[in-house]
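S.K.: sequence and predicted structure are below.
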Amino acid sequence: MGLFVLGWRLYWCVDIDTLRAEKKYGNGMLDKTLIGKSFPALVVDVDKWQLKFFAKAVGEENPIYFDEEAAIAEGYRSILAPPTYGVTLGCAVPDPFARAKAVGLDASKILHTAQSFEYFEPICGGDKITLVATITKVFEKRKGAFKFMVEETVATNQLDQLTTRFRQTVVERT
Amino acid sequence: MNDIFFDQIAIGDQLPSLTKPPITRTTLAYFCGASNDHNPVHVDSDFARASGADDVFVHGMLNMAYMGQLLTGWVSPRAIISFGVKFAAIVYVGDTITCQGEVVDKADSEGVYTLKLKLSAVDQNGELKLSGDAVVKVSAPA
């Protein structure tokens, strides 16, 4: 019994979002009270090694993405993050699905259905980016067969400049 | 760096298409690590099958990264104002993705010259995998 209580308390501490989702919304209901809620800011250092690895992973040939001299010659502070990199920064957390789980989506069945970005200042290696995500929509289609969540993330750099704002739509597949 | 001039572009013009090598499991392993998307459904066949999929499938963001390369191969990265896609169908290991773009609108607002692009990515059979759009800045008429 003691072990059970200890385990339960640990579970509560470690994965409160999942527990909340399972306990209150385990019947497939979505928690629409989270619409408009912003989550604690995530501060991420833009790692040059990871930018180079990303460039390799996507077969990038433009040296501004992996060669610092080439990037500086083009007027960037350091190697440039590619246009979709904001999502990668936003995933730099232990559980990128924590918000989806809190809303009541089954993380093992989530598909990414849409993604869009608006661009302001470039993101470069060595930057420190602060990301604030807000759940903007939670809705169902076809009488609950498809459950959607939309979130919007604002990313600012160490100079307090807006770098990108991006919107992500995910759906729980059946 | 941006050498595309507003007056030299017509609605209906096509961007040079971009065909990427066939996507392998190695591609997915690299992208898993590089993108911070560690969802096992993209790299672990056992997990993917247990979750009801036929096999691992490609990260949507990998295909969007390819589409980004189509754009930054045509204009400077700084020239992109907005870029969005819808993931129309799942992409599987072995698929070869070709990204395409077309100019669908031109606008001149207070000296800022922009083009609206319609984007699509198809596999080796021509099946639509991604659709999207982007707005990019170009140089003033020469």
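M.R.: Right, received. Where do you want to start?
S.K.: lowest mean pLDDT among the helices and strands of the chain, which one is it?
M.R.: In the absence of a named chain, chain A is used. Least confident helix or strand of chain A, by mean pLDDT, DSSP states H and E, is helix A:2-14 with a mean of 42.
S.K.: actually chain B
M.R.: helix B:45-50 (a mean of 93).
S.K.: could you point out which element follows it?
M.R.: Per DSSP states H and E, the first helix or strand lying C-terminal to helix B:45-50 is helix B:60-72.
S.K.: which one is A:His64 nearest to, not counting chain neighbours?
M.R.: For the record, residue A:64 is Ile, not His. Excluding its sequence neighbours, the residue lying closest to A:Ile64 (Cβ to Cβ, 6 or more residues apart in numbering or on different chains) is A:Ala71, at 4.4 Å. Every residue, glycine included, has its C-beta placed from N, CA and C.
S.K.: which single residue in chain B comes nearest to chain A?
M.R.: Proximity of chain B to chain A (Cβ to the nearest Cβ) peaks at B:Gly84, 2.9 Å away.
S.K.: where does that residue fall, helix, sheet strand or coil?
M.R.: For B:Gly84, the assignment made with DSSP: H, G, I helix; E, B strand; the rest coil gives strand.
S.K.: who does it bridge with?
M.R.: Per DSSP bridges, the residues bridged to B:Gly84 are A:Ser116, B:Asp133.
S.K.: dead centre of the chain: give me the residue that sits there.
M.R.: As the question left the chain open, I've gone with chain A. Nearest to the geometric centre of chain A sits A:Gly90, at 3.5 Å (Cα atoms, centre = their mean).
S.K.: ah, I was thinking of chain B
M.R.: The residue lying closest to the centre of chain B (Cα atoms, centre = their mean) is B:Met67, at 1.5 Å.
S.K.: mind checking pLDDT for the residue of chain A found nearest chain B?
M.R.: Residue nearest to chain B within chain A: A:Ser116 (2.9 Å; Cβ to the nearest Cβ). For A:Ser116, the pLDDT comes out at 98.
S.K.: was I right about A:Val132 contacting A:Val154?
M.R.: Yes: assessed by Cβ atoms under 8 Å, A:Val132 is found in contact with A:Val154 at 5.2 Å.
S.K.: who has more neighbours, those two?
M.R.: The neighbour comparison of A:Val132 against A:Val154 (other Cβ atoms under 10 Å in any protein chain shown) goes to A:Val154, with 18 against 14.
S.K.: that one is in contact with A:Arg165, isn't it?
M.R.: Yes: in this structure, A:Val154 is within contact of A:Arg165 by Cβ under 8 Å, at 5.1 Å.
S.K.: was I right to think the residue of chain A closest to chain B contacts B:Phe83?
M.R.: Yes: with contact defined as Cβ under 8 Å, A:Ser116 reaches B:Phe83; the gap is 6.9 Å.
S.K.: compare those two (neighbour count), which wins?
M.R.: Neighbours per residue, other Cβ under 10 Å: of A:Ser116 and B:Phe83, the larger number sits with B:Phe83, 26 against 19.
S.K.: list the contacts for the more buried one?
M.R.: Taking Cβ atoms under 8 Å, 6 or more residues apart in numbering or on different chains, we find B:Phe83 in contact with A:83, A:116-117, A:119, B:67-68, B:71, B:132-134.
S.K.: apply 10 Å and report the result again.
M.R.: A:83-84, A:115-119, A:164, A:166, B:64, B:67-68, B:71-72, B:117, B:119, B:132-136 (Cβ atoms under 10 Å, 6 or more residues apart in numbering or on different chains).
S.K.: ok so, going back, the closest residue to the residue nearest to the centre of chain B other than its chain neighbours and A:Ser78: what is the separation?
M.R.: Spatially, and ignoring its direct neighbours in sequence, B:Met67 is nearest to B:Cys99 (5.0 Å; Cβ to Cβ, 6+ apart). Using Cβ to Cβ, to the nearest Å, we find B:Cys99 at a distance of 27 Å from A:Ser78.
S.K.: when those two are compared, which one has more neighbours?
M.R.: Legend: neighbour count by other Cβ under 10 Å for B:Cys99 and A:Ser78, higher for B:Cys99 (26 against 17).
S.K.: which element is the more buried one on?
M.R.: If you go by DSSP H and E, B:Cys99 is part of strand B:98-109.
S.K.: doesn't B:Asn36 make contact with A:Ala57?
M.R.: No: if you go by Cβ atoms under 10 Å, A:Ala57 and B:Asn36 don't touch, sitting 11.3 Å apart.
S.K.: give me the common contacts of these two.
M.R.: Common neighbours of A:Ala57 and B:Asn36 (criterion: Cβ under 10 Å, 6+ apart): A:Gln50.
S.K.: can you pull the contacts of B:Asp123?
M.R.: B:22-23, B:63, B:89, B:91-92, B:94-98, B:129.
S.K.: can you give me the distance of it to B:Tyr66?
M.R.: 12 Å.
S.K.: need the overlap of contacts for those two.
M.R.: Jointly contacting B:Asp123 and B:Tyr66 under the rule Cβ under 10 Å, 6+ apart are B:23, B:91, B:97-98, B:129.
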